[in-house]
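Undergrad: the following comprises the amino acid sequence and a computationally predicted model.
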Amino acid sequence: MQSDEKVGSNLFDILLTLNTPLDPNNYDGSEAPLTDQEICSTITEVSVGGTDTTGNIFCYTIWLLAKHPKVLTHFQKEISEILGDNISREIIYEDLEKFAYLDAIVKESARIFTFVPLTPHVSTQESIIRGNHLEANTNFFVGHEIIHKLPEFWENPDEFIPERFLDNEIAKHSFIPFGGGTRICPGKNMSNVELKALLILLFRIYDVELVDKVSEKPNIKYSFFYQCLDMKVVVRPRC
Ligand code: HEM
């Protein structure tokens, strides 16, 4: 970055200028707010954690909506009711809180395509989990995807039914796409806001059709998370 460039207020600007004379908070060379290693780790975490995750879930939600036209129509009606028909009207954060049906769509999409199906953990103390005895310091996995498909919590678990998040009380710990406890995903809210805004921006103007209408699933590869390898769509302005 050139020294005469204006520093914006986005996260990368802030991180890249910390500990330098370009720091908008006038870093005076005394104790640095973060070490260089902490800055690098934060940039890596936000880049890795923050792009593939939301991008893939965006694809899966488009795929599900294209496969379930009634759900899409309901969502597009919600868009018109909340934002009106002026397509250049900006979306603000407060609008997103009114989108109850979209919220249910996003949750159901994260349940059907549990992006991170397993996470590794280590027990810090001796515990009994569903009748299984675990010593302290045991390595184990939390099976997010398995939990999201258990028939004791989810009726017709393989079906995409956003209404289940509107009408029913969801059993505690049965819906954990972002994990839970102290290590819950710190990007949860950011991802939800991005995803909802993107879906509104897309579907308030366009209809989307899958090129491959036959396959039962999108083309997915597992590599710690479910990566969407390719998904071709035809996008048409709504009539
Ligand atoms: C739909 C999008 C996302 C999903 C499904 C997701 C899912 C998860 C899950 C399951 C975990 C593990 C939690 C646990 O161990 O219990 C996690 C951790 C994490 N996520 Fe996300 N994530 C998403 C978006 C994001 C975004 C947008 C960011 C950053 C901007 C992010 C950053 C992180 C980080 C840094 C951790 C590690 C937290 C820790 O170990 O303390 N994630 N995420």
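TA: On my side now, so go ahead.

Undergrad: hey, let's count contacts and neighbours off CA atoms from now on
TA: Noted.

Undergrad: what about Leu96, distance to Met190?
TA: Note on Leu96: its distance to Met190, by Cα to Cα, to the nearest Å, is 12 Å.

Undergrad: hmm, the top helix by length along the chain in reach of the ligand?
TA: The single longest helix within the chain, with elements called by DSSP state H, is helix 36-67. Yes. Using Cα under 6 Å from any ligand atom, helix 36-67 reaches the ligand at Glu45, Val46, Gly49, Gly50, Thr53, Thr54, Ile57.

Undergrad: quick one: mean pLDDT for stretch 47-56?
TA: The average pLDDT for stretch 47-56 rounds to 85.

Undergrad: give me the contacts around it.
TA: With contact meaning Cα atoms under 8 Å, 6 or more residues apart in numbering, stretch 47-56 is reached by Phe115, Gly187, Ser191, Glu194, Leu195, Tyr226, Gln227, Cys228.

Undergrad: can you do 7 Å?
TA: Gly187, Ser191, Leu195, Gln227, Cys228 (Cα atoms under 7 Å, 6 or more residues apart in numbering).

Undergrad: same check, this time on stretch 103-110
TA: Contacts to stretch 103-110, defined as Cα under 7 Å, 6+ apart, come from residues Thr61, Phe160, Ile161, Pro162, Glu163, Phe165, Leu166, Pro177.

Undergrad: out of those, who's nearest the ligand?
TA: Distance to the ligand across the contacts of stretch 103-110 (Cα to the nearest ligand atom) is lowest for Pro177, with 5.2 Å.

Undergrad: my read is that that closest one contacts Thr114, right?
TA: Yes. If you go by Cα atoms under 7 Å, Pro177 and Thr114 touch, sitting 6.1 Å apart.

Undergrad: any shared contact partners between these two?
TA: The contact sets of Pro177 and Thr114 overlap at His144 (Cα under 7 Å, 6+ apart).

Undergrad: between Leu96 and Met190, who's got more neighbours?
TA: Leu96 (17 against 11; other Cα atoms under 10 Å).

Undergrad: hang on, the earlier thing: sort out for me which of the contacts of stretch 47-56 are in helices.
TA: When DSSP H defines the helices, the subset of those inside them is Ser191, Leu195.

Undergrad: ok, of the contacts of stretch 47-56, which come out buried?
TA: Buried members of these, counted by 16 or more other Cα atoms under 10 Å: Ser191, Leu195, Gln227, Cys228.

Undergrad: how about the worst-scoring helix or strand of the chain on mean pLDDT, does it reach the ligand?
TA: Least confident helix or strand of the chain, by mean pLDDT, DSSP states H and E, is helix 11-17 with a mean of 85. No. Applying Cα under 6 Å from any ligand atom, one finds helix 11-17 separated from the ligand by no less than 10.2 Å.

Undergrad: name the residues of that helix that are buried.
TA: Asp13, Ile14, Leu15, Leu16, Thr17.

Undergrad: how about stretch 166-177?
TA: Result for stretch 166-177 [16+ other Cα under 10 Å]: buried residues Ser174, Phe175, Ile176, Pro177.

Undergrad: what of stretch 110-130?
TA: Ala110, Arg111, Ile112, Phe113, Thr114, Phe115, Val116, Pro117, Leu118.

Undergrad: spatially nearest residue to the second one, not counting backbone neighbours?
TA: Excluding its sequence neighbours, the residue lying closest to Arg111 (Cα to Cα, 6 or more residues apart in numbering) is His148, at 5.7 Å.

Undergrad: how about the contacts made by the one you found?
TA: Residues near His148 by Cα under 7 Å, 6+ apart: Arg111, Ser174, Phe175.

Undergrad: for the closest residue to Gly143 other than its chain neighbours, grab phi and psi.
TA: Using Cα to Cα, 6+ apart and skipping residues adjacent in sequence, the residue nearest Gly143 is Leu118, 4.7 Å away. The phi/psi pair for Leu118 (degrees, to the nearest 10) reads phi -140, psi 140.
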